[in-house]
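Enquirer: coordinates only, no sequence provided:
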């Protein structure tokens with residue numbers, strides 16, 4: 001893409017500039033640009049802009065934000081240590097990971113999973129700048145292996161929301177328009193085993209909006225969701241419930257009918273008094289806040305202090321709840337959640353199938 005002075009530059013030219021140039025966000029830098037020997041033009045520059053938009057869309061928005069934060073933290077660390085982040089150095093990255101795991105200053109150490117995420121973020125950022133990082137280099141692999149061996153802990157999983165829990169949460173909602181919307185969000189999210197981003201990205205019809213993540217089709221037996229999800233396109237079937245009070249499809253129909261939504265985003269914001277729908281698509285953070293607030297109001301895990309209760313539940317509690325509560329063959333749950341392996345599905349199942357097969361007795365003891 002042409003720079004402000006009208007000249008096109010190669011992505012590798014970043015290495016010849018100062019630290020401020022090296023720390024720029026990839027979307028604002030020349031990671032995707034015209035070759036240095038090709039003169040810029042209005043048409044070519046527009047194609048470069050479009051290519052950059054496609055490149056940005058190759059990863060989820062939340063992932064882009066996390067990777068941008070990773071790069072900002074790393075470049076600041078390099079600056080404080082008197083070095084430069086470009087070109088990439090496995091030795092320097094190894095030292096950076098060491099400082100994250102065992103900080104030399106009075107800052108908390110990061111978990112192994114966060115350090116691995118930071119490493120992925122750095123690798124992605126380097127690629128956007130025309131470089132590659134050899135993650136198999138011994139300065140990275142051996143340090144990371146040592147960090148895992150010394151600091152690894154079992155993953156912290158969010159609490160699963162059971163069927164009775166979700167009904168108790170729904171019962172706390174008012175019967176105004178906002179309550180109808182939130183009731184549909186909780187029931188559809190639970191029955192569909194959906195991520196919070198998948199819930200709010202739904203449109204009424206195909207291609208209704210440019211930022212659509214899928215669409216719905218209401219049928220006699222239920223609702224069919226077509227999702228452009230984390231693992232690619234997939235269909236999710238949500239059948240009708242045993243009663244209107246617990247039926248996710250009925251809740252969705254009620255919300256769409258009274259909000260008079262027949263085009264665009266399914267879940268939109270409402271006016272301050274909760275009585276009038278607005279045009280803006282709902283943010284996925286609303287789903288997390290909704291889950292936490294209704295958990296508190298419904299008295300779920302009232303044996304714990306409020307702060308601990310809030311920390312136990314998140315958007316993933318809906319997916320974990322479906323995976324743990326659905327008494328069907330595991331392969332159906334795996335397909336419903338869109339998991340590539342049964343092992344991933346089992347990570348979402350809380351306390352399910354434990355000791356159902358007793359190998360101790362089967363072995364003769």
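Expert: Thanks, I have the structure now. What you see is a predicted model, and the numbers here were worked out from it, not measured in a lab.

Enquirer: quick one, strands of the protein?
Expert: Using DSSP state E, the strands found in the chain span residues 202-203, 214-218, 222-229, 232-239, 268-270, 277-281.

Enquirer: now these as TSV including mean pLDDT, mean neighbour count and distance to residue 188?
Expert: Using the backbone N, CA and C atoms, a C-beta is placed for each residue, glycine as well. Output for the strands of the chain, formatted as TSV (pLDDT from 0 to 100; neighbours: other Cβ atoms under 10 Å; distance: least, Cβ to Cβ, whole Å):
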stretch	mean pLDDT	mean neighbour count	distance to residue 188
strand 202-203	96	22	8
strand 214-218	95	18	9
strand 222-229	90	18	8
strand 232-239	87	15	7
strand 268-270	95	18	15
strand 277-281	94	14	15
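
Enquirer: and residue 266, what is it in contact with?
Expert: Residues in contact with residue 266, defined by Cβ atoms under 8 Å, 6 or more residues apart in numbering, are 202-204, 216, 252, 256.

Enquirer: residue 119 - how many residues pack around it?
Expert: By the criterion of other Cβ atoms under 10 Å, residue 119 has 20 neighbours.

Enquirer: whoops, residue 37 was the one
Expert: 7.

Enquirer: look up how far residue 131 lies from it.
Expert: According to Cβ to Cβ, to the nearest Å, residue 37 and residue 131 sit 21 Å apart.

Enquirer: what's the answer for residue 290, then?
Expert: Distance, residue 290 to residue 131, by Cβ to Cβ: 42 Å.

Enquirer: more crowded one of those two?
Expert: When residue 290 and residue 131 are compared on other Cβ under 10 Å, the one with more neighbours turns out to be residue 290, at 21 against 18.

Enquirer: please name the bridge partners of the residue lying closest to residue 226 once chain neighbours are set aside.
Expert: Excluding the flanking residues, the one nearest residue 226 by Cβ to Cβ, 6 or more residues apart in numbering is residue 214, at 5.1 Å. Beta-bridge partners recorded for residue 214 (DSSP bridges): residue 202, residue 227.

Enquirer: got a list of what residue 214 touches?
Expert: 198, 201-203, 225-229.

Enquirer: likewise residue 185?
Expert: Counting by Cβ under 8 Å, 6+ apart, the residues that residue 185 touches are 199, 267, 287, 290.

Enquirer: poorly predicted segments of the stretch 201-350 of the chain, please.
Expert: Along the stretch 201-350 of the chain, segments meeting pLDDT under 70 span 231, 321-350.

Enquirer: let me know the distance separating residue 115 from residue 147.
Expert: To residue 147, residue 115 is 6 Å away according to Cβ to Cβ.

Enquirer: overlap in contacts, those two.
Expert: Shared contacts of residue 115 and residue 147 (Cβ under 8 Å, 6+ apart): 97, 101.

Enquirer: how much space between the residue most central in space within the chain and residue 297?
Expert: Nearest to the centroid of the C-alpha atoms of the chain, with distances taken as Cα atoms, centre = their mean, sits residue 62, at 6.0 Å. Distance check for residue 62 against residue 297: by Cβ to Cβ, it reads 27 Å.

Enquirer: report the rounded mean pLDDT for stretch 95-108.
Expert: Mean per-residue pLDDT for stretch 95-108: 89.

Enquirer: ends of that stretch, how far apart?
Expert: 17 Å (Cα to Cα, to the nearest Å).

Enquirer: how far does that stretch sit from the chain's center?
Expert: For stretch 95-108, the separation from the chain centroid amounts to 26 Å (computed by Cα atoms, centre = their mean, to the nearest Å).

Enquirer: what sits up against that stretch?
Expert: 74, 77-78, 109-110, 112, 114-115, 118-119, 140, 143-144, 147, 150-151.

Enquirer: picking that back up, list the contacts for the residue nearest to the centre of the chain?
Expert: Applying Cβ under 8 Å, 6+ apart, the residues near residue 62 are residue 197.

Enquirer: pull the longest helix from this structure.
Expert: Secondary structure of the chain per DSSP state H: the longest helix is helix 61-80.

Enquirer: report the buried members of the contacts of stretch 95-108.
Expert: 74, 77-78, 110, 112, 115, 118-119, 140, 143-144, 147 (16 or more other Cβ atoms under 10 Å).

Enquirer: looking at these, which is nearest residue 48?
Expert: Of all the buried ones among the contacts of stretch 95-108, residue 74 has the smallest distance to residue 48: 26.4 Å, by Cβ to Cβ.
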